[in-house]
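In: Here is a sequence together with a model predicted from it:
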Amino acid sequence: MNTEKKTYYRALSIAGSDPSGGAGIQADLKTFSALGVYGSTAIVAIVDENTQGVYGVHPVPVEFVTGQIRSVLGDVGADAIKIGMLHSSELIRAVISTLSEYPDVNRIVVDPVMVATSGDPLLMPEAISTLRDELLPLATVITPNLPEASLLLGEEITHSDQLEEAARALSALYPDRNVSVMLKAGHLSDDTLTDIFYNAVTDKTQRLSSPRVDTPNTHGTGCTYSSAIAAMLAKGADLDTAAIKAKQYLAEAIVSGADYNIGKGHGPVNHFHNLWK
């Protein structure tokens, strides 16, 4: 008789909360669950926000954040980690130090969150260089949008013709690391939304396209995208497969959620479009 227990695919999100449920930790957990992955969390900040904006950020003490990470990784474990909003240099460095205690956890997706969909800043200005120079080199995949990529590169990226070169340039910031890049094109106005995925291991790019949907329901799309990539990596997918499937999941979630009314501003995508009928 086989008494061996089954195990879940596991992913840990290190990020801030969103009480309205569309972004941050809440979006990450929904995405993990929808894609068949057991999600755990380390909450770095309690954010006062809704679909209309961000009204306040209450940081969790740094030692309490690192305690959460150790509690999860020392017990449940993780097959992949998604890192979202880390608002200060002190917190970024503490997370890096804590993760170094668990070298076997090496599939890390970093969403370099700097500005919310509403335009509200979520990262202290002094922390940008810490994020760029100390955290991003540890990532398997980074998922910047165009404003974030522009800040990281120190040049404006405003046209689709710039995307492939920009994705390669972002990876080239870390020549001794294989940092792959999912460069998100949502801020462009093209009829087709074409993101660029640069695989640093194979040195190849892919253009991942989906129809642009006319909807205000885009709250938390960045969080959802990065956590979908992490979920796929947790399940053992290679980089290209993880990127393609994450893009497909998000595109379908946007289409499915386009006609719903949640909140008075930028509503969420439908994370459970495959499950809710």
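Out: Structure's in. What do you need?
In: ranges for the helices of the stretch 151-277 of the chain?
Out: Using DSSP state H, counting those that start in this stretch, the helices of the stretch 151-277 of the chain run over 163-172, 221-234, 239-257.
In: out of those, nearest to residue 23?
Out: helix 221-234 (4.9 Å; C-beta to C-beta). Where C-beta positions appear, they are placed from N, C-alpha and C, glycine not excepted.
In: tell me which strands and helices that closest one is in contact with?
Out: Counting by 3 or more C-beta pairs under 8 Å, 6 or more residues apart in numbering; DSSP states H and E, the packing neighbours recorded for helix 221-234 are strand 10-16, helix 24-34, strand 80-83, strand 108-110, strand 141-142, strand 180-183, helix 239-257.
In: Tell me which of these sits nearest to residue 64.
Out: Closest among those, using C-beta to C-beta: strand 10-16, at 12.5 Å.
In: The closest one - contacts with which helices or strands?
Out: With contacts taken as 3+ C-beta pairs under 8 Å, 6+ apart, strand 10-16 sits against helix 24-34, strand 38-50, helix 62-73, strand 80-83, helix 221-234.
In: 6 Å - rerun?
Out: Packing contacts for strand 10-16, counted by 3 or more C-beta pairs under 6 Å, 6 or more residues apart in numbering; DSSP states H and E, involve helix 24-34, strand 38-50, strand 80-83, helix 221-234.
In: Mean pLDDT and mean neighbour count added to those, as a markdown table?
Out: What follows is those, written out as a markdown table (pLDDT from 0 to 100; neighbours: other C-beta atoms under 10 Å):
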| stretch | mean pLDDT | mean neighbour count |
| --- | --- | --- |
| helix 24-34 | 97 | 25 |
| strand 38-50 | 96 | 22 |
| strand 80-83 | 98 | 30 |
| helix 221-234 | 97 | 29 |
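In: okay, now residue 7: neighbour count?
Out: Other residues near residue 7 come to 9 when the count uses other C-beta atoms under 10 Å.
In: wait, residue 253
Out: Look at residue 253: counted by other C-beta under 10 Å, it has 26 neighbours.
In: Return the residues in contact with it.
Out: Taking C-beta atoms under 6 Å, 6 or more residues apart in numbering as the criterion, residue 253 is in contact with 269-271, 273.
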